[in-house]
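quick one, fold the following:
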Amino acid sequence: LMKWLASLHSIQVTDVDRDCSFINMDMRVLNHQHIFDLPLTPDNGIELDGFTSGLQKVADEYVGDTALREKAKNLGDIYLGKKVNKESNNVLLHGDFYPGSFLSNDETGVKVIDPEFAFYGPAEFDLGVFIAHCQFCGVDTDEVEDALNAYTRPFDYKLSFAFAGIELIRRILGVAQLPLPADTTLDIKEEWLKQGRIWIKDWD
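Residues are numbered from 1 along each chain as shown. So this is what the prediction gives:
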């Protein structure tokens, strides 16, 4: 998967395609709302206790964390292209690089589908989404590092993990909930939220 992603990110995009064909702003604005905005917005109408009892009280702590919300806003601005991260390289992104976009069988191997969120932007966004879902899947730290080492292009490590952090938070506190195992407890979700906040706040 990392070799595939590096190959995608290596595709040379002309200025015309970058500014026209691959801007995809309508989908980015929609995605931005669900990733960077709604999950940390007070009184957002999401009934979190309907997913996991006690989750709303936990969410209130994160919604009330103004420093976290400011970091999320800055990440969202990078995602929308309003801000440029000097350590980042803009590339052609998949835009939704998580297990729901992967297909695998013995005959064809792994295939990546659903490019409707593709756009020209920071490589770290694709990497961050991948890292977050490794966390959800219980992939250990060494394996994640091995995967990142297989990505043969330069990238901003801390920015990747900051995007991973916001993906962890939005999948727990946002609308786009994952089909997690039935035995996923509130304590487990709290640990994911704590990790997400650490990664975000560790980004300068």
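
show me what contacts the spatially most central residue of the chain?
Taking CA atoms, centre = their mean, the centroid of the chain lies closest to Val129, which sits 3.2 Å from it. When contacts are counted by CB atoms under 8 Å, 6 or more residues apart in numbering, Val129 touches 96-98, 163-164, 167. For the C-beta atoms, the positions are set from N, CA and C on the backbone; glycine is no exception.

how about the strands in the protein?
Using DSSP state E, the strands found in the chain span residues 90-93, 102-105, 109-112, 119-122.

can you report how many residues lie near the residue nearest to Ile198 when sequence neighbours are not counted?
Excluding the flanking residues, the one nearest Ile198 by CB to CB, 6 or more residues apart in numbering is Gly165, at 7.2 Å. The number of residues packed near Gly165 is 30, by other CB atoms under 10 Å.

same check on Lys189?
Lys189: 22 neighbours (other CB under 10 Å).

which residues does it contact?
Per CB under 8 Å, 6+ apart, neighbours of Lys189: 52, 55, 58, 172.

mind putting the residues you listed in JSON lines, pLDDT, neighbour count and distance to Ala72 included?
Formatted as JSON lines, the contacts of Lys189 follow (pLDDT from 0 to 100; neighbours: other CB atoms under 10 Å; distance: CB to CB, whole Å):
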{"residue": "Thr52", "pLDDT": "97", "neighbour count": "18", "distance to Ala72": "21"}
{"residue": "Leu55", "pLDDT": "98", "neighbour count": "20", "distance to Ala72": "18"}
{"residue": "Val58", "pLDDT": "98", "neighbour count": "19", "distance to Ala72": "17"}
{"residue": "Ile172", "pLDDT": "98", "neighbour count": "26", "distance to Ala72": "14"}
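
so which of the residues you listed is the closest to Lys71?
Relative to Lys71, the closest of the contacts of Lys189 is Ile172; by CB to CB it sits at 16.8 Å.

look up how far Pro42 lies from the spatially closest residue to Gln56 that is not a sequence neighbour.
Here the nearest residue to Gln56 in space, its sequence neighbours aside, is Leu48; by CB to CB, 6+ apart that works out to 4.5 Å. With distances taken as CB to CB, to the nearest Å, Leu48 is found 13 Å from Pro42.

format the contacts of Val129 as CSV; extra columns: pLDDT, distance to Asp65 and neighbour count.
Shown next, in CSV, are those (pLDDT from 0 to 100; distance: CB to CB, whole Å; neighbours: other CB atoms under 10 Å):
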residue, pLDDT, distance to Asp65, neighbour count
Asp96, 97, 26, 19
Phe97, 98, 27, 25
Tyr98, 98, 25, 19
Phe163, 98, 18, 29
Ala164, 98, 18, 26
Glu167, 98, 17, 25
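
and the two most separated of the residues you listed?
Farthest pair in the contacts of Val129, by CB to CB: Asp96 and Ala164, 14.3 Å.
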